[in-house]
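Compute the structure for the input listed below.
(2 chains)
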2 protein chains.
Amino acid sequence: MMKMKFENMVKSEGVVRVLTVLILGLGACLVGSNSQTKVILIRKTATFKDLEALYISLYIYCIGAAYNLLRVCNISCFHGNFKGPNLPLAWAALFFDQIMVYLTYGVTTAATQASIIAITGQNNFQWMKLCNKFTRFCIQMGGAMVCGYLACFLMILITSFSAFNLFSHYSPKQFLLLKPIISSS
Amino acid sequence: MMKMKFENMVKSEGVVRVLTVLILGLGACLVGSNSQTKVILIRKTATFKDLEALYISLYIYCIGAAYNLLRVCNISCFHGNFKGPNLPLAWAALFFDQIMVYLTYGVTTAATQASIIAITGQNNFQWMKLCNKFTRFCIQMGGAMVCGYLACFLMILITSFSAFNLFSHYSPKQFLLLKPIISSS
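Numbering: from 1, shown residues only, chains lettered A, B, ... in the order given. Below is the predicted model of the structure:
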């Protein structure tokens, strides 16, 4: 079975969080700079502001990156001396981690759905295809989605670590009963 | 602090799972029966098959309901005598729980995004509004989305319970090291 010291876990969590920050930053840049102008009878511009999902995802990616950056800075405060009074903080950390995962995943999935409609169109609803005209716009959108899902995957990893760290302090016999200190070996 | 016996936790998990089954079943019915015909110059029908997100969500809701039903039936097998050899099963259970949560949440969010486009339309992309014409179709779609998110919420609750049950069996000092049996009080 894999054996990993607690300090190494904290270090690897830091590395994963930094990666998440970089990827979310890249995703935000890709979304925020996404705009393409074409002349189709009239001059037309497609920007990320045309789709609400993209617009919101820009903000969520930025918030996610900022949150993870904050957690990297405070990682010693949250995890350094874990016993006793820091348990409420660990609960809060797990809670906000989960919220960020679901926000990022949700907004990325919504943007992907909008992109799929842009690629395939919907004849019956008279929603026309976009990606045959605004090709670069769509490719850049795809890149941002890949970043979003990658960041989600990393954040799910981190959340699992956090949950493990927190829940392993409790007794398995009764709900939310702390283990006696002597037995936490 | 809330004190809850292990048996009560198992019971309440069963109740939440049954609720999830019912809600996902209702959602699947709402999506699957969603179809409306209108005469707008020509006779036109909007069904859930027009939007891939809705089509996929029908299947995911059914799979989710079936999975949770299975887990309700096997709840004694998975949780009854938890020590020792059943830990791999508990890991598998947590893993599949998580996958079902993310699948349900993802497909519901994608369908919601498609619905939002159907409600607001997108002038610049020439995606026309639907919901001013197919009103009942859109309301039924909304009902299904509410069911989807409710089921997600319940499944996140269950997953937290499962994670707590599993991780509280491990030592907080070293990663994936089981506690000595004597200390699991």
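
Where does pLDDT dip in chain A?
A:1-7, A:9-10, A:39-43, A:75-85, A:174-175, A:179-185 (pLDDT under 70).

Tell me where it has strands.
Using DSSP state E, the strands of chain A run over residues A:4-5, A:35-40, A:42-47, A:174-175.

Go ahead and confirm residue A:115 touches residue A:143.
No. Counting by C-beta atoms under 8 Å, residue A:115 sits too far from residue A:143 to count as a contact (11.0 Å). For glycine as for every other residue, the C-beta is placed from the backbone atoms N, C-alpha and C.

Next, count neighbours for the residue nearest to residue A:71 when sequence neighbours are not counted.
Of all residues beyond its chain neighbours, the one nearest residue A:71 is residue A:17 (5.7 Å), with distances taken as C-beta to C-beta, 6 or more residues apart in numbering or on different chains. When neighbours are defined as other C-beta atoms under 10 Å in any protein chain shown, residue A:17 has 21 of them.

next one: residue A:105
Neighbour count for residue A:105, taken as other C-beta under 10 Å: 22.

Excluding covalently adjacent residues, which one is nearest to it?
Leaving aside its sequence neighbours, residue A:105 sits nearest to residue A:152 (C-beta to C-beta, 6+ apart; 4.7 Å).

right, and the one you found touches residue A:107 too?
No. Using C-beta under 8 Å, residue A:152 is not in contact with residue A:107; the gap is 9.9 Å.

Give me the common contacts of the two.
Residues touching both residue A:152 and residue A:107 (C-beta atoms under 8 Å, 6 or more residues apart in numbering or on different chains): none.

if we can go back for a sec, so residue A:115 and residue A:143 - more neighbours on which side?
A count of neighbours by other C-beta under 10 Å puts residue A:115 above the other of residue A:115 and residue A:143, at 22 against 16.

Just want to check the distance between the more buried one and residue B:59.
According to C-beta to C-beta, to the nearest Å, residue A:115 and residue B:59 sit 21 Å apart.

Over to residue A:113?
Applying C-beta to C-beta, the value for residue A:113 to residue B:59 is 16 Å.

the more surrounded of those two?
Remark: of residue A:113 and residue B:59, residue A:113 carries more neighbours, 25 against 14, as counted by other C-beta under 10 Å.

right, and that one touches residue B:53 too?
Yes. Using C-beta under 8 Å, residue A:113 is in contact with residue B:53, at 5.5 Å.

tell me, what's touching these two both at once?
Residues touching both residue A:113 and residue B:53 (C-beta under 8 Å, 6+ apart): B:110-111, B:113-114.

Which one (most neighbours) among the residues you listed?
With neighbours taken as other C-beta under 10 Å, the top of the shared contacts of residue A:113 and residue B:53 is residue B:111, carrying 30 neighbours.

who touches the closest residue in space to that one that isn't next to it in sequence in this structure?
Excluding the flanking residues, the one nearest residue B:111 by C-beta to C-beta, 6+ apart is residue B:53, at 4.3 Å. The neighbours of residue B:53, taking C-beta under 8 Å, 6+ apart as the test, are A:113, A:116, B:107, B:110-111, B:113-114.

What of residue A:162?
A:13, A:90, A:93-94, A:97.

one more time with 6 Å
A:94, A:97 (C-beta atoms under 6 Å, 6 or more residues apart in numbering or on different chains).

Please apply the same query to residue A:69.
Neighbours of residue A:69 in contact, by C-beta under 6 Å, 6+ apart: residue A:21.

To what extent is residue A:54 buried, counted in neighbours?
Counted with other C-beta under 10 Å, residue A:54 comes out at 22.

now swap in residue A:129 and tell me
Residues near residue A:129, counting by other C-beta under 10 Å: 16.

so who does residue A:32 touch?
With contact taken as C-beta under 6 Å, 6+ apart, residue A:32 is in contact with residue A:58.

hmm, 8 Å instead?
By C-beta under 8 Å, 6+ apart, the contact set of residue A:32 is A:48, A:58.

Please tell me how far it sits from residue A:140.
Distance of residue A:32 to residue A:140, given as C-beta to C-beta: 10 Å.

Next: residue A:14.
According to C-beta to C-beta, residue A:14 and residue A:140 sit 30 Å apart.

try residue A:30
To residue A:140, residue A:30 is 5 Å away according to C-beta to C-beta.

just residue A:154 next, same as before
From residue A:154 across to residue A:140, the span is 22 Å (C-beta to C-beta).

Same check on residue A:67?
In this view, residue A:67 and residue A:140 are 24 Å apart by C-beta to C-beta.

What count of nearby residues applies to the residue lying closest to residue A:97 once chain neighbours are set aside?
Closest residue in space to residue A:97, ignoring its immediate chain neighbours: residue A:159 at 4.6 Å, by C-beta to C-beta, 6+ apart. Residue A:159: 19 surrounding residues under other C-beta under 10 Å.
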